[in-house]
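*Asks:* How does the following fold in three dimensions:
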Amino acid sequence: MLDIKFVRDNPEVVRQNLRNKFQEEKLPLVDEVIDLYQRSLEAKKAAEALQANRNSLSKQIGMLKGQAKREPERAAELEAQVDAITAQVNAEAEQRRQLEVEADELNGKVRAILMQIPNIIDPSVPIGPDDSCNVEVARFGEPVVPDFEIPYHTDIIESFGGLDLDAARRVSGNGFYYLLGDIARLHEAVLAYARDFMIDKGFTYVIPPFLIHGRVVEGVMSFPEMDAMMYKIEGEDLYLIGTSEHSMIGRFIDQILPGDSLPLTLTSYSPCFRKEKGAHGIEERGLYRIHQFEKQEMIVVCKPEDSMAWYEKMWRYSVELFRSMDIPVRQLECCSGDLADLKVKSCDIEAWSPRQQKYFEVCSCSNLGDAQARRLGIRYSEAVTVTNRKGQKTTKNVNNLVHTLNNTVVAPPRMLIALLENNLQADGSVRIPEVLRPYMGGKALLVPKK
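*Replies:* I've put the predicted structure just below:
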């Protein structure tokens with residue numbers, strides 16, 4: 001969410017940003033929100049003027065009552081003046097109340113519109129209407145296509161007796177799964193390794209709440225995302241999280257953090273629940289698009305001047321992690337039309353699929369600037385030295401909005417597809433990357449049962 005003062009002072013910047021994001025239908029909102037804000041200021045100013053006048057009239061009433069005691073011969077005359085002024089005070093009090101209500105209503109409309117206007121994207125973001133315009137930046141590792149046929153990932157997993165989709169459909173419906181045996185163990189091994197990988201990078205491990213209030217949901221994501229993703233608990237103000245980023249950022253709602261505590265570098269585990277609305281192609285069957293999965297996430301809360309440096313670090317951590325498991329990856333810069341409204345800049349890390357002979361998304365790294373912080377009221381306090389007109393220096397605390405960033409560490413079972421395909425052997429066995437073997441009881445190879 002943008003600062004309304006920024007919108008008022010930079011309307012053409014906001015309009016051009018809408019054009020860059022191919023949201024021209026929202027252009028009228030810029031003038032509308034500026035007009036509503038100006039009207040709210042005028043209502044507030046008028047209410048303040050009436051309050052100032054009330055204070056002045058109250059003093060007059062006090063003086064007249066005192067005068068009536070000193071001059072009893074004029075008591076009737078002075079009491080009539082008091083009654084007239086009191087009537088004026090009461091009338092203006094009602095006017096002031098109406099103006100305050102009007103200002104509050106206008107401010108509510110301003111906030112509702114600001115929630116629809118996207119964040120200002122970074123100048124480095126490529127301009128394009130959709131993900132077909134995303135730009136490959138770099139590749140890491142050599143993508144290999146073996147000289148034997150690679151089965152579909154569900155067939156690979158089923159060869160180890162590791163998957164039961166039929167039972168999941170009976171129990172929960174489409175988009176759910178049972179993982180069994182060594183595959184279930186490999187799933188947890190990846191999560192445990194990712195957890196320790198991030199701890200070794202200096203991140204604090206967190207297990208957050210898996211349900212959050214509606215205000216937090218509105219603070220961390222845009223309305224289109226909310227509608228497409230979130231499951232709501234009927235009859236309660238609670239939503240199942242679609243990623244632990246939601247409750248991790250929500251942890252700091254309405255907080256003022258000590259400046260010297262930043263950056264906060266956190267890595268969180270959670271199950272994730274998503275509606276996954278819309279039809280998907282054949283390559284998103286099986287374990288590609290599911291309603292429930294587990295994920296290790298990385299979150300950074302920092303000062304504005306540090307956020308781009310953290311963005312670079314975070315996506316590179318993903319590359320390092322996947323390369324340590326012998327999985328080739330590439331970085332894909334997301335174009336303007338593919339960015340969610342709260343994002344300043346975002347990139348995907350995509351893993352190589354030898355079967356499809358193309359890359360597919362396994363991580364998404366995003367810098368959201370101060371958008372989430374503004375919605376949720378997350379600030380940090382910093383001592384600033386101020387020089388007055390006389391040249392005297394004083395120190396005072398100033399509260400500023402933090403910046404928030406997030407990135408997927410790993411999200412099995414999807415990333416298991418990349419792991420299994422890239423480590424599949426001609427005989428159907430799967431080599432376990434060396435970094436995962438301690439989490440697999442020392443196993444170096446998975447041998448199919450059928």
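*Asks:* who's E350 bridged to?
*Replies:* R330, E361 (DSSP bridges).
*Asks:* Just give the number of residues close to it.
*Replies:* Residues lying near E350 (other CB atoms under 10 Å) number 23. (Glycine included, C-beta is placed from N, CA and C.)
*Asks:* One more: the one 10 residues further on?
*Replies:* Other residues within reach of F360 by the criterion other CB under 10 Å amount to 17.
*Asks:* Would you map the helices across the stretch 101-250 of the chain?
*Replies:* Using DSSP state H, counting those that start in this stretch, the helices of the stretch 101-250 of the chain run over 153-159, 165-171, 181-200, 214-220, 223-229, 244-250.
*Asks:* Buried residues in the second one, which are they?
*Replies:* Using 16 or more other CB atoms under 10 Å as the burial criterion, the residues of helix 165-171 that qualify are 165, 168.
*Asks:* With the fifth one instead?
*Replies:* Burial within helix 223-229, assessed by neighbour count using 16+ other CB under 10 Å, is assigned to 226, 229.
*Asks:* State the mean pLDDT of that helix.
*Replies:* Taken as a whole, helix 223-229 carries a mean pLDDT of 77.
*Asks:* So what's the gap between it and the chain middle?
*Replies:* Relative to its chain's centre, helix 223-229 lies at 12 Å (CA atoms, centre = their mean, to the nearest Å).
*Asks:* May I have it as PDB, with CA atoms only?
*Replies:* What follows is helix 223-229 as a C-alpha-only set of coordinates in PDB (Å, rounded to 0.1, in the frame of the first residue of the first chain):
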ATOM      1  CA  PHE A 223      -7.200  -9.100  -2.700                       C
ATOM      2  CA  PRO A 224      -6.800 -11.100  -5.900                       C
ATOM      3  CA  GLU A 225      -4.200 -13.300  -4.200                       C
ATOM      4  CA  MET A 226      -6.400 -13.700  -1.100                       C
ATOM      5  CA  ASP A 227      -9.400 -14.800  -3.100                       C
ATOM      6  CA  ALA A 228      -7.400 -17.300  -5.200                       C
ATOM      7  CA  MET A 229      -5.400 -18.800  -2.300                       C
END
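*Asks:* before we move on, back to that, let's have the helices of the stretch 101-250 of the chain in JSON lines, adding distance to D370.
*Replies:* Output for these, formatted as JSON lines (distance: least, CB to CB, whole Å):
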{"stretch": "helix 153-159", "distance to D370": "40"}
{"stretch": "helix 165-171", "distance to D370": "41"}
{"stretch": "helix 181-200", "distance to D370": "24"}
{"stretch": "helix 214-220", "distance to D370": "12"}
{"stretch": "helix 223-229", "distance to D370": "18"}
{"stretch": "helix 244-250", "distance to D370": "12"}
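*Asks:* Next, name the residue at the spatial heart of this structure.
*Replies:* Taking CA atoms, centre = their mean, the centroid of the chain lies closest to V220, which sits 3.9 Å from it.
*Asks:* Tell me which residues touch that one, please.
*Replies:* V220 makes contact with 245-246, 249-250, 342, 372, 375-376 under the criterion CB atoms under 8 Å, 6 or more residues apart in numbering.
*Asks:* let's see it at 7 Å
*Replies:* V220 makes contact with 245-246, 249-250, 372 under the criterion CB atoms under 7 Å, 6 or more residues apart in numbering.
*Asks:* Pick the one among the residues you listed closest to V125.
*Replies:* Using CB to CB, Q372 comes nearest to V125 of the contacts of V220, at 18.2 Å.
*Asks:* pLDDT score for that closest one?
*Replies:* pLDDT for Q372: 96.
*Asks:* That one: helix or strand, and which one exactly?
*Replies:* Assessed by DSSP states H and E, Q372 sits inside helix 371-376.
*Asks:* And for G250, the neighbour number?
*Replies:* With other CB under 10 Å as criterion, G250 counts 21.
*Asks:* So the closest residue to it other than its chain neighbours versus S172, what's the distance?
*Replies:* Closest residue to G250 apart from its sequence neighbours, by CB to CB, 6 or more residues apart in numbering: V216 at 3.7 Å. Applying CB to CB, to the nearest Å, the value for V216 to S172 is 26 Å.
*Asks:* returning to what we had before: run a quick check on the residue nearest to G250 versus D254, I expect a contact.
*Replies:* No. If you go by CB atoms under 7 Å, V216 and D254 don't touch, sitting 10.8 Å apart.
*Asks:* low pLDDT regions in the stretch 51-200 of the chain?
*Replies:* Residue ranges of the stretch 51-200 of the chain with pLDDT under 70: none are present.
*Asks:* Can you show me the helices along the stretch 251-400 of the chain?
*Replies:* 307-324, 371-376.
*Asks:* Give me the distance from the shortest one to the chain's centre.
*Replies:* Going back to what we said before, that points to helix 371-376. 9 Å.
*Asks:* Give me the contacts around it.
*Replies:* Counting by CB under 7 Å, 6+ apart, 1, 3, 119, 218-220, 249-250, 253, 342, 401-404 sit against helix 371-376.
*Asks:* Now a PyMOL select for only the buried ones of the residues you listed.
*Replies:* A single PyMOL command suffices to select whichever of these are buried according to 16+ other CB under 10 Å:
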select buried, resi 1+119+219+220+249+250+253+342+401+402+403+404
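*Asks:* Take the contacts of helix 371-376 and lay them out in JSON lines including distance to K26.
*Replies:* Shown next, in JSON lines, are the contacts of helix 371-376 (distance: CB to CB, whole Å):
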{"residue": "M1", "distance to K26": "14"}
{"residue": "D3", "distance to K26": "17"}
{"residue": "N119", "distance to K26": "13"}
{"residue": "E218", "distance to K26": "18"}
{"residue": "G219", "distance to K26": "20"}
{"residue": "V220", "distance to K26": "21"}
{"residue": "I249", "distance to K26": "25"}
{"residue": "G250", "distance to K26": "27"}
{"residue": "I253", "distance to K26": "27"}
{"residue": "L342", "distance to K26": "15"}
{"residue": "L401", "distance to K26": "23"}
{"residue": "V402", "distance to K26": "26"}
{"residue": "H403", "distance to K26": "24"}
{"residue": "T404", "distance to K26": "23"}
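*Asks:* Out of the contacts of V220, the closest to T387 would be?
*Replies:* Closest to T387 out of these is Q372 (33.6 Å), distances taken as CB to CB.
*Asks:* mind showing which ranges of the stretch 351-450 of the chain have poor pLDDT?
*Replies:* 450.
*Asks:* now the strands for it?
*Replies:* 358-367, 379-387, 393-401, 403-410, 430-431, 445-446 (DSSP state E, counting those that start in this stretch).
*Asks:* V190 contacts P413, doesn't it?
*Replies:* No. The pair V190 / P413 is not scored as a contact, 9.0 Å apart, by CB under 7 Å.
*Asks:* Please tell me how far V329 sits from R195.
*Replies:* Counting by CB to CB, the separation of V329 from R195 is 20 Å.
*Asks:* Who has more neighbours out of these two?
*Replies:* A count of neighbours by other CB under 10 Å puts V329 above the other of V329 and R195, at 25 against 18.
*Asks:* May I have the residues that are in contact with the closest residue in space to the more buried one that isn't next to it in sequence?
*Replies:* Nearest non-adjacent residue to V329, counting by CB to CB, 6+ apart: F322, 4.8 Å away. Going by CB under 7 Å, 6+ apart, F322 touches 329, 349, 351.
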